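A.B. asks: What follows is a predicted structure for the sequence shown.
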Amino acid sequence: MPDPGELPDPALASAVLEIEQHIAQAGWDQPARLYALVATGELVAREPALAAQMGLDESSAAGSFTPIEQDLAGDVPLEAVLESIMWPDQVAGCAAVVERLVLPPSADGHIPDDATAAQAFAEDHPDRQEVRIVAGATRAGAAYCALRLRAHDDDQSVVGGVDLVPALVDLLRGTLESFTDEPDEHDEGTTP
């Protein structure tokens, strides 16, 4: 977990804020979205025609990420998608966009355990807030989040920080981990 005083990775923060601005132009009540974050310099080198279409060149590519939106099945919750995917090595990071209802801390003890009842409770709560969350993470361990409240829907009111939504950031980080089923032949272990 990052240090609370940790400064954000500028490339990741820029990509997350770029995604937030793009999504904000489409308004509210949008479906969840998922983005692969690719080092722009690598994109320019590997896909020069695509980079040219996007207006990218080597000088603009240094130290930045290009978000590439992924197709999501509309009937699968984002959290379930994040628990089941892994990115190829070319993907340096990822970002997700979700809209959620947020309740004040005073509601915590009153939320029903049943998911359907909890959703109804949140929708009917007089102090609920609608929030759009854009969270990103990199293989290097950086994280950045941007939050926009529907009640304060302007660019100056977007709140950003390193780890504002830890559970979502952890899910994103989990998609970036490399797993292997075979033990390392150099590992010491029990003998058969």
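C.D. replies: Good, I have the coordinates. Numbering: from 1, shown residues only.
A.B. asks: Now the element after the helix of greatest length in the chain, going C-ward?
C.D. replies: In terms of residue count, the longest helix belonging to the chain (DSSP state H) is helix 10-25. For helix 10-25, the following helix or strand on the C-terminal side (DSSP states H and E) is strand 33-39.
A.B. asks: in the longest helix of the chain, what's buried?
C.D. replies: Ala11, Leu12, Ala13, Ser14, Ala15, Val16, Leu17, Glu18, Ile19, Glu20, Ile23, Ala24 (16 or more other C-beta atoms under 10 Å). Where you see a C-beta, it was placed from the backbone N, CA and C, and this is true even at glycine.
A.B. asks: Let's have those residues in a markdown table, adding pLDDT and distance to Ala49.
C.D. replies: Shown next, in a markdown table, are the buried residues of helix 10-25 (pLDDT from 0 to 100; distance: C-beta to C-beta, whole Å):
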| residue | pLDDT | distance to Ala49 |
| --- | --- | --- |
| Ala11 | 93 | 23 |
| Leu12 | 96 | 26 |
| Ala13 | 95 | 29 |
| Ser14 | 94 | 24 |
| Ala15 | 95 | 22 |
| Val16 | 97 | 27 |
| Leu17 | 96 | 27 |
| Glu18 | 95 | 22 |
| Ile19 | 97 | 24 |
| Glu20 | 97 | 28 |
| Ile23 | 96 | 27 |
| Ala24 | 96 | 30 |
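A.B. asks: Show me the two of those residues that sit farthest apart.
C.D. replies: Ala11 and Ala24 (20.5 Å; C-beta to C-beta).
A.B. asks: Count the residues that sit near Pro77.
C.D. replies: Neighbours of Pro77 under the rule other C-beta atoms under 10 Å: 12.
A.B. asks: hang on, I meant Ala120
C.D. replies: For Ala120, the neighbour count with other C-beta under 10 Å is 12.
A.B. asks: Give the next helix or strand downstream of the worst-scoring helix or strand of the chain on mean pLDDT.
C.D. replies: Ranking every helix and strand in the chain by mean pLDDT, DSSP states H and E puts helix 58-61 at the bottom, with a mean of 58. Sequence-wise, the next helix or strand downstream of helix 58-61 (DSSP H and E) is strand 65-70.
A.B. asks: Please point out which parts of that following strand sit buried.
C.D. replies: Neighbour-count burial for strand 65-70, with 16+ other C-beta under 10 Å as criterion, is recorded at Phe65, Thr66, Pro67.
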